[in-house]
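Chemist: Pasting a predicted model and its sequence here:
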Amino acid sequence: MSIILAAWSRLLRVVIAKIGITFGLTPFCNFADKCNEGCPLQKWLGGWLRFEGECMRRLAIVLAAWMLGPAAAILSAQSLDDLNIQIHGYATQGFLYTTHNNIFTTNSSDGNTAWTEAVVNLSVQPEPKLRVGVQARYYLMGNLGNTIILDWANLDYKSSDKFGVRVGKVKTPWGLFNETQDIDPASIWVLLPQSVYPIESRESYLTHYGGVVYGKFQLGPQLGTLEYKGFGGESVYVENDGIFLAQNEAGYPLPNGIQGPIFGGALHWKPPVTGLMVGYSDSTTTTWHALITAQNGAISGTQTLYEMSQPNLFAIYEKKKIMLAGEACRNWTDTRTVFPGYPAISQSVSGRSDPREWYAMATYKLTSKLTAGVYDSQIVDHKDPLGPGRYQKDWTIAGRYDINGFLYAKVEQHFIQGTQLGYDATLNPNGLQPNTGLTMMKLGVSF
Amino acid sequence: MKKLIYAILLVASASIFAYRGQAQVLVIANPSVKSAEASKGDLRDIFTGNSSSLKGSQVTPVLLKGGAAHDAFLSAYIGKPDGAFRAGWRSLVFSGQASMPKSVDSEAAMVDYVAHTPGAIGYVSSGAPHEGVKVLAVR
């Protein structure tokens, strides 16, 4: 408990420091995270129109989101009637602490606040069947992100409940939470089960360029409803995405990332039992190729990612105060690399993986403001050698408190066994302990 | 035998309270909505963003920002507390799948908006004035 209280104290001081810097409260300068080039207050006063360095950019983006909140609250959830324009957004500040190992490219074993997000969403609905929207996101997690990305931008035409189409950069409908895994205000969890939704692979898995068709059919009073989503297009894995962390640290980057066709679909069956949904999804890629380099760019070759499939079975039950959910999936890959004239290096960057993943979760609404939850998440890669690196088991307990309609706070404790996910070599130079505890907290504002 | 009687009384009282929840709220719609009735499943789908039609009519849900009528409606027809209900809409909005439904401050504003907006469907407490709108029977 004392560790948790100390962590909350530090998180609140960082948040207050970031706001305090804006209003010139000098005593808080020393607590600003990563602002090591002198007092940020002086830099801010001296050049407040110029964004100097990582600290200022993070600060400006987060504060813009927080300041926009009250102003937009007047418009919040209220469309500009004549134009049907809506503006929404949210911002979060997180804190991580691990008992052993540094996780998610942060110095979490010392406590770390390099975890910030801000999202702005704009949509127009000129007529009931047509909607156009765009969403931008700034995110930072350790050494990942620290950039503004286009989250999605799409045009959505819903002809009827049986058929609609969405085109542009769209969220990929896979599994139970792929489309919503990065929407922090919508969930009790600080982290979704990492076995299925690894946070470092956010830019890779969440969206594709192309389209989604969707709709639902009534199957009758005895069979319920069947909803479908089909998708196709191009998936893009950018070069600095977390999915390539280990490969980049080993010295084999993909300078242009990798991309290629992807298609798939999801079926959601809602039987005549209120609150229950059972579903299946699968996504399939063709064979992709990418430029790969080694020895600091001295040699180059081709990395081939052969066809991948990700079958996923899931279910969710929601009734009044209770939510139960679970998923099971498999994601095998086959990668071949060729550096012409360097067979040994080629072999070292080739291989297969066959991870089997599942989780089960439950949440309960204790009061109108407080929700508690627990989950067990596991992943085992059947192609890895025996040992802690082959698997990860994560027991998690969590709580969310809604301070009011805009503000919320989350706390979460993970008990992690195994080292399959989340760790990189650079921040763990002495190797990895097989088990670790992970404490996480977040403050968020949403409008 | 006693346990059976207690069980029957418990189910009966629960049914009464459930009925009272439904009777406390009227579901109203713009006269352009063709149907005179809606099922609980229809209302749940419409007000959670899963459906945009009712018996062939395009419909648009309208919400109260809070209050007893809002809570009674969620309890009777959505089966979620307000926080979970709004979290569901945030999931849709921030993933690009929907726009947030219109929210109004009062039941009078609800009636006025529904009366003047083709396809609008909302809810008010059973004792609230509701001229200019049609009341849907919920089965």
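Modeler: Nice, I can see it.
Chemist: Any idea which helix or strand in chain A has the lowest mean pLDDT?
Modeler: helix A:40-46 (a mean of 39; mean pLDDT, DSSP states H and E).
Chemist: what do you get for chain B?
Modeler: helix B:2-23 (a mean of 50).
Chemist: Close to chain B: what parts of the stretch 151-300 of chain A are there?
Modeler: Residues of the stretch 151-300 of chain A lying close to chain B (C-beta under 8 Å from any C-beta of the partner chain) are A:152, A:154, A:156, A:158, A:160-161, A:166, A:170-171, A:179-180, A:183, A:185-187, A:216, A:227, A:274-275. C-beta here means a position set from N, CA and C on the backbone, and glycine is covered the same way.
Chemist: Let's see the PyMOL selection covering just the buried ones among these.
Modeler: What follows is the PyMOL syntax for the buried subset of those, where burial is set by 16 or more other C-beta atoms under 10 Å in any protein chain shown:
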select buried, chain A and resi 152+154+156+158+161+166+170+171+179+180+183+185+186+187+216+227+275
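Chemist: Just the ones in strands from the residues of the stretch 151-300 of chain A next to chain B, please.
Modeler: Judged by DSSP state E, the subset of these located in strands is A:152, A:154, A:156, A:158, A:160, A:166, A:170, A:171, A:216, A:227.
Chemist: Max pairwise distance over those residues: which two?
Modeler: The largest separation in these, counting by C-beta to C-beta, is between A:152 and A:160 at 23.3 Å.
Chemist: show me where pLDDT drops low in chain B?
Modeler: Scanning chain B for pLDDT under 70 picks out B:1-23.
Chemist: Which positions in it make contact with chain A?
Modeler: By C-beta under 8 Å from any C-beta, the residues of chain B that approach chain A are B:41, B:44, B:50-53, B:58, B:60, B:79-84, B:86-88, B:90-91, B:93-100, B:102-103, B:119.
Chemist: Do you have the helices of chain A handy? List them.
Modeler: Using DSSP state H, the helices assigned to chain A run over residues A:2-22, A:40-46, A:53-75, A:202-205, A:245-249, A:343-348.
Chemist: ok, the closest residue to residue A:248 other than its chain neighbours - how many residues close by?
Modeler: Using C-beta to C-beta, 6 or more residues apart in numbering or on different chains and skipping the chain neighbours, the partner closest in space to residue A:248 is residue A:240 (7.6 Å). By other C-beta atoms under 10 Å in any protein chain shown, 17 other residues sit near residue A:240.
Chemist: Pop out the phi and psi values for the most centrally placed residue in chain B.
Modeler: The residue lying closest to the centre of chain B (C-alpha atoms, centre = their mean) is residue B:73, at 4.8 Å. Here is the backbone geometry of residue B:73 (degrees, to the nearest 10): phi -60, psi -50.
Chemist: Next up, the contacts around it.
Modeler: Contacts for residue B:73 were tallied using C-beta atoms under 8 Å, 6 or more residues apart in numbering or on different chains; they are B:25, B:27, B:64, B:123.
Chemist: does the last one sit in a helix, a strand or a coil?
Modeler: In terms of secondary structure, residue B:123 is strand; the call rests on DSSP: H, G, I helix; E, B strand; the rest coil.
Chemist: residues near it, how many?
Modeler: Residues near residue B:123, counting by other C-beta under 10 Å, number 27.
Chemist: Correct me if wrong: it contacts residue B:64.
Modeler: Yes. With contact defined as C-beta atoms under 8 Å, residue B:123 and residue B:64 form a contacting pair (7.2 Å).
Chemist: any shared contact partners between the two?
Modeler: Taking C-beta under 8 Å, 6+ apart as the criterion, residue B:123 and residue B:64 both touch B:70, B:73, B:110.
Chemist: Pick the one among the residues you listed closest to chain A.
Modeler: residue B:70 (12.5 Å; C-beta to the nearest C-beta).
Chemist: Roughly how far does residue A:427 sit from residue B:53?
Modeler: Residue A:427 is 53 Å from residue B:53, where distance means C-beta to C-beta, to the nearest Å.
Chemist: same question but for residue B:128, I mixed them up
Modeler: Computed as C-beta to C-beta, the residue B:128 to residue B:53 distance reads 26 Å.
Chemist: Show me what the helix or strand hosting residue B:112 is in contact with.
Modeler: In the assignment (DSSP states H and E), residue B:112 maps to helix B:107-116. For helix B:107-116, contacts defined as C-beta under 8 Å, 6+ apart pick out B:28-30, B:62, B:64, B:67, B:69, B:102, B:104, B:120-125, B:128-133.
Chemist: how about a cut-off of 10 Å?
Modeler: Contacts with helix B:107-116, where a contact means C-beta atoms under 10 Å, 6 or more residues apart in numbering or on different chains, come from A:81, B:26, B:28-31, B:33, B:60, B:62-65, B:67-70, B:102-104, B:106, B:120-125, B:127-134.
Chemist: roughly how far is that helix from the heart of the chain?
Modeler: Distance of helix B:107-116 from the chain centroid (C-alpha atoms, centre = their mean, to the nearest Å) equals 14 Å.
Chemist: ranges for the strands of the stretch 201-350 of chain A?
Modeler: All strands of the stretch 201-350 of chain A, identified by DSSP state E, counting those that start in this stretch, fall at A:207-220, A:224-237, A:258-270, A:276-285, A:288-294, A:299-305, A:312-319, A:322-330, A:333-338.
Chemist: Show me what the fifth one is packed up against.
Modeler: Which is strand A:288-294. On a contact count with 3 or more C-beta pairs under 10 Å, 6 or more residues apart in numbering or on different chains; DSSP states H and E, strand A:288-294 meets strand A:224-237, strand A:258-270, strand A:299-305, strand A:333-338, helix A:343-348.
Chemist: got the angle between that strand and strand A:299-305?
Modeler: In terms of direction (axes from the mean of the first three to the mean of the last three C-alpha atoms, to 10 degrees), strand A:288-294 departs from strand A:299-305 by 150 degrees.
Chemist: Mind listing residues that contact strand A:288-294?
Modeler: The contact list for strand A:288-294, computed with C-beta under 10 Å, 6+ apart, reads A:234-235, A:237, A:239, A:247, A:250-262, A:299-308, A:335-339, A:342, A:345-346, A:348-349.
Chemist: quick one on the thing from earlier: can you lay out the strands of the stretch 201-350 of chain A as CSV showing mean pLDDT?
Modeler: Formatted as CSV, the strands of the stretch 201-350 of chain A follow (pLDDT from 0 to 100):
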stretch, mean pLDDT
strand A:207-220, 95
strand A:224-237, 96
strand A:258-270, 96
strand A:276-285, 97
strand A:288-294, 95
strand A:299-305, 95
strand A:312-319, 95
strand A:322-330, 97
strand A:333-338, 94
